[in-house]
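*Asks:* Sequence and predicted structure, then a few things I'm wondering about:
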4 protein chains.
Amino acid sequence: MSIGDAVDRMFASDNGVGASDEIIDAVGRAARGGHLAYGDDGFSAAARTRVADVFEHDVDVHCVSTGSAANGLALAALVRPWGSVLCHRESHVFTDECGAPEFFTAGGKLIPLDGPDGKIDADELIRAARVGVGNVHSTQPQVLSITQATETGSVYTLDELSALTSIAHDAGLRVHMDGARFANALASLDLTPAEMTWRAGIDILSFGVTKNGGLTTDAVISFDPDLHTELSFRVKRAGQLTSKMRFQSAQLDAYLTDGLWLRNARHANAMAARLDAGLRATPNVRVHGGGGANMVFCALPDRVVEGVRDDGFVFHHGHPIPGVARLVTSFATTPAAVDDLVEAIRRHSTDADG
Amino acid sequence: MSIGDAVDRMFASDNGVGASDEIIDAVGRAARGGHLAYGDDGFSAAARTRVADVFEHDVDVHCVSTGSAANGLALAALVRPWGSVLCHRESHVFTDECGAPEFFTAGGKLIPLDGPDGKIDADELIRAARVGVGNVHSTQPQVLSITQATETGSVYTLDELSALTSIAHDAGLRVHMDGARFANALASLDLTPAEMTWRAGIDILSFGVTKNGGLTTDAVISFDPDLHTELSFRVKRAGQLTSKMRFQSAQLDAYLTDGLWLRNARHANAMAARLDAGLRATPNVRVHGGGGANMVFCALPDRVVEGVRDDGFVFHHGHPIPGVARLVTSFATTPAAVDDLVEAIRRHSTDADG
Amino acid sequence: MSIGDAVDRMFASDNGVGASDEIIDAVGRAARGGHLAYGDDGFSAAARTRVADVFEHDVDVHCVSTGSAANGLALAALVRPWGSVLCHRESHVFTDECGAPEFFTAGGKLIPLDGPDGKIDADELIRAARVGVGNVHSTQPQVLSITQATETGSVYTLDELSALTSIAHDAGLRVHMDGARFANALASLDLTPAEMTWRAGIDILSFGVTKNGGLTTDAVISFDPDLHTELSFRVKRAGQLTSKMRFQSAQLDAYLTDGLWLRNARHANAMAARLDAGLRATPNVRVHGGGGANMVFCALPDRVVEGVRDDGFVFHHGHPIPGVARLVTSFATTPAAVDDLVEAIRRHSTDADG
Amino acid sequence: MSIGDAVDRMFASDNGVGASDEIIDAVGRAARGGHLAYGDDGFSAAARTRVADVFEHDVDVHCVSTGSAANGLALAALVRPWGSVLCHRESHVFTDECGAPEFFTAGGKLIPLDGPDGKIDADELIRAARVGVGNVHSTQPQVLSITQATETGSVYTLDELSALTSIAHDAGLRVHMDGARFANALASLDLTPAEMTWRAGIDILSFGVTKNGGLTTDAVISFDPDLHTELSFRVKRAGQLTSKMRFQSAQLDAYLTDGLWLRNARHANAMAARLDAGLRATPNVRVHGGGGANMVFCALPDRVVEGVRDDGFVFHHGHPIPGVARLVTSFATTPAAVDDLVEAIRRHSTDADG
């Protein structure tokens, strides 16, 4: 469904809007000149340097076309076929990728863990990391996958992150971070990229670009040089090594230049905070949790959902939480759009009430 | 390696240059407004309609990020795990995808066939299509994969194509076409898209866009509605269902609008013909075969290769044919660039001779 | 660990003892004469006929070396790569096969369902069978896998079975039965093989032989002729098509001849009932559930476990249920052995108490 | 097809006859007493010790149900998903396992090499081991698989073996030996097991038992302790870890006890030599090559094949070599049977001639 120019009514997802001008311009620039293919070009070299600088660490960087591909490749690099990946029950890798992790890992097993607010409970992790260890009849826990920000818009604090990665490393597990909304989490916590990744025990990162202003790229960023060979071949083999890689590299580079990515994320987060505040001040509306990132969840009666949608607003309702609307803000969301949405919800809630 | 603005010296590949302005503009336009994700947007709907119109057939269209992904997905949709894919020994799927077809098919087997000029020999196909049929100890021939244009720049005639697909269908095989350079072949033969695909017995097509003016998309086009469900889930599972699909769809749509794709291909082919003619008129240079599409192969001594490269020209030598240079033209290649290259080869060949 | 001739102290598993004499003799007979390999022999033909007769249905029969292989092959025949298998959280396929189902299905996903006594709860199944249906981001429920008898020794009644298979078929799912202890369940319910399988909606069966008197074979039995080709090739491809298949076929045939399998199972069940009764009459011992098949679970303090093991009894404790001993009887368990075990538990429980 | 007691007319394969009495007896003995499952029993411990003694090396031993499973598991332990296995074009792994190696390796690629007499040509190996190395677009040569004795009954000399393994190791490849007819090769060369394996550069061995007197077991024998963990989990995951492993271990142990395996192999080889000599002395019969192991290939006109088969003899014709009969002897072949076959061929050849 196309919804025309209605950016100001798009709350379905942060991938429902366009891209930052800086990134579109960068793509245009990358179209000039001749370049070697498959990442052996200047734009890709520049992007790799940029990522290393931003993360203050030697890195392997592989631009890929989706977060699912990033997750699948990262997990495949860490887990052997008989291994298992411990992840949250509501995580994207577990519920929303049609088995991509199982495909990329050639049949690895994902073990769902519980925990409130979309965050893995530390005791759950301690328990699960021990299940079947050394028992040939059981898959072997080998990887912890953490989603930051989570699917519910919450953000692990640095202490929470470190607690989980410590448990994981003590148990011999490697750690993957699904950072589809990495920038939103980083902006929310006001940390450096290094602090929220390798210094906190992350081995490999699915780095989201698309949702926060990019066009057609996300990336796998590995902090472990031992994964270099494996990642290179897996990326090719998975059909993710694009010939005109420069067009993805240019996006990644522009995204990280002059703080664009953090400006975008801060704006999106601020819009979510404005929305959260507006809804909490609205009678008869119950806001769930409180994220920190760029999502707000609130319980809405079906009649309200219907009314607000009739006003042209676009958003998901009932997934992942039955009866609850998911409202996502982005770099392109305006304060006016937020206020309009709050007002629409207020109006329909009152009507419903009357 | 970045080679700056040297489009006029880029003969390494048709993916070594930028993109058509029309396609870049289309990407910019797709950045406006709000849209649903994962292909449920107006640009994607328009692209699907456009493809159906151009091919005069109901189609499933899936934009993907690489030709390897297109090939892998198309083959996976046609072959069961115990099946085999018959393909040319020099085909991209067999030699240049790091086992992507084996990965996507969960261990399918590719059987290499011989034939001159990069084309599968019909007798070879007849023989291979019978090997092990019904024998549980043998993989079962299930798919024929034809590359059009071939890796050597040659183009199957319609008669040649039809002969192979008839053999295949008679033997119960499905037929895949790797059309990374589909437009170049089509322009060379002056056929309609329908004539060179489903009317000629092709079940599914890897449709190249990137090499002929696109930015970041290729596509799988299926003419068989029975593959609809399978393709949809496989695309997602392989990490190829992009959230901002509109940016790929917009490229595909622009590519097929007002004949851009054929203009680009005709130009590239013409430049190759000009190069071929120039080289054939050059003493001491032996041109191989004669394609029809946008590649010229010629034997060059190492000293000549070195000299021409020192002049700034970029091209592959020794792969896939030892001792032979592969010179690829594109939509962006200028007549002057071709003439410069011919002149450089002439000059160094004479020097080498002296 | 070898435990010598202590059959009379073996309660660890029904695979901890030898094999029925009739089956050993049949293997010896199959060693005579010359025969074609790979199942193209008289013993295999006879076994196929025998299975068809016993199950009153045309069948495909494939002897395999383990129950894990039987389950993996059966599930792979029913599920496409993007499909999911709904099974009990405690089922063997989910917990005890080191990811064999994921391996055989090339990355299929197993979805664990809850339910008391090791049995899948019908409401859980109704709910799970709907999750994500038609949503390309979600794996698609395609198979229900039922374990009969369950891992906890309980047995689904015919009504319970039919209720589950009806729900499954209504939702478009195929149904697999893991019958590692099929004979024990059948003997417990006093049904015909047909009643407990295809008449109850089972499409394919993992048929256990090894645990109930066999040597080295289990089998996949399919009631769906459409799976014939797929199963044949998958069996070969998985390294399960043995050249001297006759030695497995002879076991299967002997197992089903003159009711041997049911005699064995009835005996094992009777010994479990005797053990259950003995333990329930023992002070301080709490027996869990109440199976019907050949397993008894009872909570035992560590000191008792230690003491009974010091007396030479062999059994599992703490798996799958912490603090609970799993005691398994077999065709070879004697009444005296059961009484000795009850007496040992009584003695150590009293000591522990004092 | 069952062919009754016609052991004396069975030349189709060495798996067409029964098993050695010593091995049948060992199975009977293993049926006594109680034992832990999954190889944690005395028979399995004894077999492991026996193999280590016979091979004069620490080993991992995994009994498996087929040679295909042994090959698949061994190759999977050596090759990463992006790797390739170099093997002979006529090798069993390449032609006769319905893609089992591709299945077990999750899509590894087998690269067929040429060479006379079923043996890999050293220059072919040198060339192939270099193809695509370090090129991310190409699968990476990682394993050499050698079949000893070969599919054509020939036997690599120790010098030939060492030459190949040296080339492989110099190129960084690991080496697998498919020893489905290991004993026949060993007897033919009169070497020790150590000399023909780890001392000659073999990393892992598929050790044939079934064809040379066994019932239902072959084995993977690894000389590389680094593969221990990987093999253990892969064996389980592939459905090859049998619960009553003792019945396979007992076969393996008996096979290696008191030289049974070598007696069987020497006898089979001697019968093949007798057959070879007899046929060479027969007018109008052309014997191919000359193996050393237990197979004889000879060109026979269809009318002769028909006549000899009408006399009750069972053998393959036309596979793998068109127009050529494959005659296989075994531990159970009698001199009289050989003489009868020679006489039958002589008689029908003369008739055909007349």
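*Replies:* Everything's here; your move. Just so you know, these numbers come straight off a predicted model, no measurement behind them.

*Asks:* going forward, measure contacts and count neighbours with C-alpha atoms only.
*Replies:* Noted.

*Asks:* So which residues make contact with the longest helix along chain A?
*Replies:* Identified as the longest helix of chain A according to DSSP state H is helix A:260-280. By C-alpha atoms under 8 Å, 6 or more residues apart in numbering or on different chains, the residues outside helix A:260-280 that reach it are A:183-184, A:186-188, A:212-213, A:254-255, A:285-287, A:290, A:292-296, A:328-335, A:338-339, A:342, A:346.

*Asks:* how about the strands in the stretch 51-200 of chain A?
*Replies:* Assigned by DSSP state E, counting those that start in this stretch, the strands in the stretch 51-200 of chain A fall at A:60-64, A:83-88, A:109-113, A:140-147, A:174-179.

*Asks:* Could you list the domains of chain A?
*Replies:* Per automatic domain parsing, the domain ranges recorded for chain A read A:3-17+A:260-353, A:21-259.

*Asks:* Rebuild those domains as CSV, extending it with mean pLDDT and mean neighbour count.
*Replies:* Below are these laid out as CSV (pLDDT from 0 to 100; neighbours: other C-alpha atoms under 10 Å in any protein chain shown):
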stretch, mean pLDDT, mean neighbour count
domain A:3-17+A:260-353, 90, 20
domain A:21-259, 97, 23
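
*Asks:* Which of those sits closest to D:D114?
*Replies:* Closest approach to D:D114 among the domains of chain A (C-alpha to C-alpha): domain A:21-259, 26.7 Å.

*Asks:* Can the closest one be said to contact chain D?
*Replies:* Yes. Counting by C-alpha under 8 Å from any C-alpha of the partner chain, chain D is contacted by domain A:21-259 at A:W82, A:A106, A:V136, A:H137, A:S232, A:F233, A:R234, A:K236, A:R237.

*Asks:* So the residue lying closest to the third one once chain neighbours are set aside versus C:W82, what's the distance?
*Replies:* When you say that, I think you mean A:V136. Excluding the flanking residues, the one nearest A:V136 by C-alpha to C-alpha, 6 or more residues apart in numbering or on different chains is D:F233, at 5.7 Å. Distance of D:F233 to C:W82, computed by C-alpha to C-alpha, to the nearest Å: 24 Å.

*Asks:* swap in A:I221?
*Replies:* 27 Å.

*Asks:* Return stretch A:25-37 as CSV; C-alpha atoms alone will do.
*Replies:* Extracted in CSV, the C-alpha atoms of stretch A:25-37 (Å, rounded to 0.1, in the frame of the first residue of the first chain):
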residue,chain,number,x,y,z
ASP,A,25,23.4,12.8,-2.0
ALA,A,26,26.1,10.4,-1.1
VAL,A,27,24.5,7.7,-3.4
GLY,A,28,24.5,10.3,-6.2
ARG,A,29,28.1,11.0,-5.7
ALA,A,30,29.0,7.3,-5.7
ALA,A,31,27.5,7.1,-9.2
ARG,A,32,30.3,9.1,-10.6
GLY,A,33,33.5,7.7,-12.0
GLY,A,34,34.7,4.2,-12.5
HIS,A,35,35.4,1.8,-9.6
LEU,A,36,36.3,-1.8,-9.0
ALA,A,37,33.5,-4.0,-7.9
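
*Asks:* chain center to that stretch, what's the gap?
*Replies:* With C-alpha atoms, centre = their mean, to the nearest Å as the basis, stretch A:25-37 stands 27 Å off its chain's centre.

*Asks:* That stretch and chain B, any residue contact?
*Replies:* Yes. Counting by C-alpha under 8 Å from any C-alpha, contacts between stretch A:25-37 and chain B involve A:G28, A:A30, A:A31, A:R32, A:G33, A:G34, A:H35, A:L36, A:A37.

*Asks:* The fifth one against B:N15, yeah?
*Replies:* Put plainly, it is A:G33. No. With contact defined as C-alpha atoms under 8 Å, A:G33 does not reach B:N15; the gap is 11.5 Å.

*Asks:* before we move on, back to that, can you tell me which of the contacts of helix A:260-280 are in strands?
*Replies:* Per DSSP state E, strands hold the following members of the contacts of helix A:260-280: A:R286, A:V287, A:M295, A:V296, A:V328.

*Asks:* on that earlier part again, D:R48: which of the strands of the stretch 51-200 of chain A is closest?
*Replies:* Nearest of the strands of the stretch 51-200 of chain A to D:R48, taken as C-alpha to C-alpha: strand A:140-147 at 25.2 Å.

*Asks:* Name every strand pairing with the closest one and say which way it goes.
*Replies:* With DSSP bridges as the test, strand A:140-147 is paired with strand A:83-88 (parallel), strand A:174-179 (parallel).

*Asks:* which one of those strands lies closest to C:I204?
*Replies:* Using C-alpha to C-alpha, the nearest of those to C:I204 is strand A:83-88, at 27.9 Å.

*Asks:* Run the chain-centre distance for that closest one.
*Replies:* In terms of C-alpha atoms, centre = their mean, the centre of strand A:83-88 is found 17 Å from the chain centre.

*Asks:* do stretch A:243-255 as well
*Replies:* 19 Å.

*Asks:* Ok, stretch A:279-286 next?
*Replies:* Relative to the mean C-alpha coordinate of its chain, stretch A:279-286 is positioned 28 Å out (C-alpha atoms, centre = their mean).

*Asks:* Show the end-to-end separation of it, please.
*Replies:* Note: stretch A:279-286 ends 8 Å apart using C-alpha to C-alpha.

*Asks:* Please tell me how far A:V17 sits from chain B.
*Replies:* To chain B, A:V17 is 5 Å away according to C-alpha to the nearest C-alpha, to the nearest Å.

*Asks:* Ignoring the adjacent residues along the chain, who's closest to the residue positioned nearest the centre of chain A?
*Replies:* With distances taken as C-alpha atoms, centre = their mean, the residue of chain A nearest its centroid is A:A180 (1.6 Å). Leaving aside its chain neighbours, A:A180 sits nearest to A:G208 (4.0 Å; criterion: C-alpha to C-alpha, 6+ apart).

*Asks:* Quick check, that neighbour in contact with A:L215.
*Replies:* No. Contact between A:G208 and A:L215 fails when scored by C-alpha under 8 Å: they sit 11.0 Å apart.

*Asks:* So A:M10 sits against A:V308, correct?
*Replies:* No. Between A:M10 and A:V308 there is no contact under C-alpha under 8 Å: 11.9 Å.

*Asks:* what sits in contact with each of the two?
*Replies:* With C-alpha under 8 Å, 6+ apart, A:M10 and A:V308 have no common neighbours.

*Asks:* Going by proximity to chain D, name the top residue of the stretch 151-300 of chain A.
*Replies:* Nearest residue of the stretch 151-300 of chain A to chain D: A:F233, at 5.7 Å (C-alpha to the nearest C-alpha).

*Asks:* For that residue, pull up the helix or strand it's in.
*Replies:* Following DSSP states H and E, one finds A:F233 within helix A:228-237.
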